[in-house]
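# Sequence and predicted structure are below.
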Amino acid sequence: MNIPTGDGVRLRAPEHGSAVGGPTPPTNSPAHPHGSHMAARDHCLSPVRAVDRPTGAARYGRMFRAVEPLGTDPDLLMRAGSDGGICDAAAALEQLQAGGDDATEAAGWPFFGQLVAHDITADRSPINGGVASDQLRNARAPMLNLEIIYSDGPIGSPYLFDVGDPAKFLLGPDGGDVPRNQQGVALIGDPRNDSHLFALSLHVALLHMHNHLVDLLRADGVPEAEVFDRARTALTWHYQWIVVHDFLPRLVGGPLVEQVLTDGGRWFAPRPGQAYIPLEFADAAFRYGHGQIRHTYRLVEGGPAVPLFPDLVGFGPLPADRRLDLAQIFDVPGRPPAQRAKRLDG
């Protein structure tokens, strides 16, 4: 058997019976692929592992504790979202003539914001509610650490990684999808990222980026035992830079971002090591993106407009004719302008 050690080196122990004179495997037996390659370091006290993540009521919190929650009739909310309700953005809105309904930014940014939300929040309470706010538990660490793709790492989530090269993520057969089990369920760090084509495409892009960083680090002569950790660090830093210097200025404006970076948060300023996700943020302010989703999207240049529902809904293998060219939803130098997000509405 293979015994993982603390520094990632796997020791080969005698097969069952061989140490006491029992039968030994035939010499011509093929080597079993699992455990025969050096895995990434097993950081036994890493915050990526679920056992070491923050726990307790502070995982969700309130910024404005003195304000009473809004008590609303659930039936009233259902009517608001039904056909003809205030939140019903009918397909006719796509045909607006005077000025249209294009937002300033490209169509992909609200979907990127959804990935950020998945990375820092995961509510596992019953979907029909009934849980007091101070009892809610966030299944994500309140930090931008790409837990959505790394989960518990090569040791805790080995099904996410390539058996033949554990420093790399496993991808679907043609590299355009995530790996899936025999029933088509995604083997993925966060199942919510398989909910529609756009979240899944961004997830796959992150997997490819990590694997590319592994190749670059190896080409630079980085020791194999350090490759996974350094690739993960580099990808996480790039992701954090994009959030702070690209995504947030588009969302709230550059001056506000600079103010917060210079002076800190005005309403949200937890002490170091005591960060939490405010419910006012997770369940209110950061839900803006739902109002910027279009009814149809073009997936490839010159291609037809494809309805988001039901054509691009996920939770199953991604067909080859449903692959997304990311230049259709993000502005890429040298390419025509991407589709725009929809202006915010009800």
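Happy to help now that I have it. Predicted model, so just to flag it, every value in this text is computed and none were measured.
# what are the ranges of the strands in the protein?
2-4, 10-12, 60-61, 102-106, 161-162, 165-169, 277-278, 296-298, 305-307, 340-342 (DSSP state E).
# In TSV, list those strands along with mean pLDDT and distance to Gly71.
From N, CA and C alone the C-beta is placed, and that goes for glycine too. Output for the strands of the chain, formatted as TSV (pLDDT from 0 to 100; distance: least, CB to CB, whole Å):
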stretch	mean pLDDT	distance to Gly71
strand 2-4	41	52
strand 10-12	39	57
strand 60-61	86	19
strand 102-106	94	33
strand 161-162	96	47
strand 165-169	96	45
strand 277-278	91	20
strand 296-298	96	37
strand 305-307	94	36
strand 340-342	95	31
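# Kindly present those as JSON lines, with separate columns for mean neighbour count.
Output for the strands of the chain, formatted as JSON lines (neighbours: other CB atoms under 10 Å):
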{"stretch": "strand 2-4", "mean neighbour count": "13"}
{"stretch": "strand 10-12", "mean neighbour count": "12"}
{"stretch": "strand 60-61", "mean neighbour count": "22"}
{"stretch": "strand 102-106", "mean neighbour count": "16"}
{"stretch": "strand 161-162", "mean neighbour count": "20"}
{"stretch": "strand 165-169", "mean neighbour count": "22"}
{"stretch": "strand 277-278", "mean neighbour count": "22"}
{"stretch": "strand 296-298", "mean neighbour count": "18"}
{"stretch": "strand 305-307", "mean neighbour count": "14"}
{"stretch": "strand 340-342", "mean neighbour count": "21"}
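# To Trp237, which of the ones you listed lies closest?
Shortest distance between Trp237 and the strands of the chain, using CB to CB, is found for strand 165-169: 17.6 Å.
# Would you give the sheet partners of the closest one, along with the direction of each?
Sheet pairing of strand 165-169 (DSSP bridges) gives strand 161-162 (antiparallel).
# What are the contacting residues of the strand it pairs with?
154, 167-170 (CB atoms under 8 Å, 6 or more residues apart in numbering).
# Then stretch 314-323?
With CB under 8 Å, 6+ apart, stretch 314-323 has contacts from 172, 174, 176-177, 180, 184-186, 194-197, 199-201, 299-300, 306, 311-312.
# Buried by neighbour count, from these: which ones?
172, 176-177, 180, 186, 194-197, 199-201, 299, 306, 312 (16 or more other CB atoms under 10 Å).
# ok, which pair from those is furthest apart?
Across the buried ones among the contacts of stretch 314-323 (CB to CB), the longest gap, 21.7 Å, separates Arg180 and Val306.
# Which residues are in contact with the residue nearest the centre of the chain?
Centroid check for the chain by CA atoms, centre = their mean gives Ile148 as the closest residue, at 3.8 Å. With contact set as CB under 8 Å, 6+ apart, Ile148 has these partners: 115, 118-119, 189-190, 193, 203.
# Go through the residues you listed and say which is closest to Ala269.
After measuring the contacts of Ile148 against Ala269 - CB to CB - the closest member comes out as Asp119, at 21.1 Å.
# quick revisit: got the strands of the chain as JSON lines, with distance to Pro223 columns?
Below are the strands of the chain laid out as JSON lines (distance: least, CB to CB, whole Å):
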{"stretch": "strand 2-4", "distance to Pro223": "18"}
{"stretch": "strand 10-12", "distance to Pro223": "16"}
{"stretch": "strand 60-61", "distance to Pro223": "40"}
{"stretch": "strand 102-106", "distance to Pro223": "40"}
{"stretch": "strand 161-162", "distance to Pro223": "19"}
{"stretch": "strand 165-169", "distance to Pro223": "11"}
{"stretch": "strand 277-278", "distance to Pro223": "37"}
{"stretch": "strand 296-298", "distance to Pro223": "44"}
{"stretch": "strand 305-307", "distance to Pro223": "46"}
{"stretch": "strand 340-342", "distance to Pro223": "44"}
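# out of those, nearest to Gln135?
strand 60-61 (9.1 Å).
# Please name the strands paired to the closest one in the sheet, noting orientation.
strand 277-278 (parallel).
# Surely Leu171 touches His208?
Yes: the pair formed by Leu171 and His208 meets the contact definition of CB atoms under 8 Å, at 7.5 Å.
# What is the neighbour count of the residue nearest to Gly175 when sequence neighbours are not counted?
Leaving out its chain neighbours, the residue that sits closest to Gly175 by CB to CB, 6 or more residues apart in numbering is His208, at 7.3 Å. For His208, the neighbour count with other CB atoms under 10 Å is 15.
# just Pro317 next, same as before
Pro317: 15 neighbours (other CB under 10 Å).
# repeat for the one 3 residues further on
Neighbour count of Ala320, defined by other CB under 10 Å: 9.
# Can you tell me which helix or strand of the protein has the lowest average pLDDT?
Ranking every helix and strand in the chain by mean pLDDT, DSSP states H and E puts strand 10-12 at the bottom, with a mean of 39.
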